[in-house]
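Colleague: got a structure for you, letters missing:
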């Protein structure tokens with residue numbers, strides 16, 4: 001678990017990022033975390049989960065959803081996402097990443 005000063009610094013950083021986009025009329029949106037297909041990027045591996053309807057994948061990036069929103073609404077949007085990836089990362093990278101969702105792979 002990161003220290004309180006790290007969490008506080010992360011909160012300030014996220015507030016500054018949001019202020020940057022707000023000043024440019026970019027709307028923060030939510031995009032789906034689950035999809036029927038995984039990433040097409042060969043460098044990344046999606047976490048696979050299942051439900052009654054079948055296989056689902058946690059998204060590694062909001063990129064495609066943001067592109068769909070731009071095409072549909074014609075307005076700029078952004079997302080500060082939680083990131084999910086099955087690739088192996090060291091525990092120190094995860095702990096110190098400002099955008100980390102705190103999920104530590106079992107092998108880390």
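Modeller: Received it, and whenever you're ready, just let me know what you need. Model, not experiment: these values are computed from the prediction.

Colleague: show me where pLDDT drops low in this structure?
Modeller: Along the chain, the parts satisfying pLDDT under 70 run over 83-108.

Colleague: ok, which stretches of it are strands?
Modeller: Assignment of strands within the chain using DSSP state E yields the ranges 27-28, 34-35, 48-51, 54-58, 77-78.

Colleague: Go through those strands and name the closest to residue 20.
Modeller: Shortest separation from residue 20 across those is recorded for strand 77-78, at 9.4 Å, computed as CB to CB. In this view, the C-beta of every residue, glycine as well, is placed from N, C-alpha and C.

Colleague: Distance check, residue 2 against residue 15.
Modeller: Separation of residue 2 from residue 15 (CB to CB, to the nearest Å) stands at 17 Å.

Colleague: who has more neighbours, those two?
Modeller: Taking neighbours as other CB atoms under 10 Å, residue 2 and residue 15 compare with residue 2 leading, 16 against 10.

Colleague: how near is that one to residue 45?
Modeller: Remark: distance between residue 2 and residue 45 (CB to CB) = 25 Å.

Colleague: And for residue 82?
Modeller: Between residue 82 and residue 45 the computed distance is 17 Å (CB to CB).

Colleague: Excluding chain neighbours, give the residue nearest to residue 55 in space.
Modeller: What sits nearest to residue 55 in space, not counting adjacent residues and going by CB to CB, 6 or more residues apart in numbering, is residue 48, at 5.9 Å.

Colleague: Enumerate every residue touching the one you found.
Modeller: The neighbourhood of residue 48, defined by CB atoms under 8 Å, 6 or more residues apart in numbering, consists of 38, 55, 56, 57, 86.

Colleague: Tell me how many other residues crowd the first one.
Modeller: Pointing back at residue 38 there. The burial count for residue 38: 18, using other CB under 10 Å.
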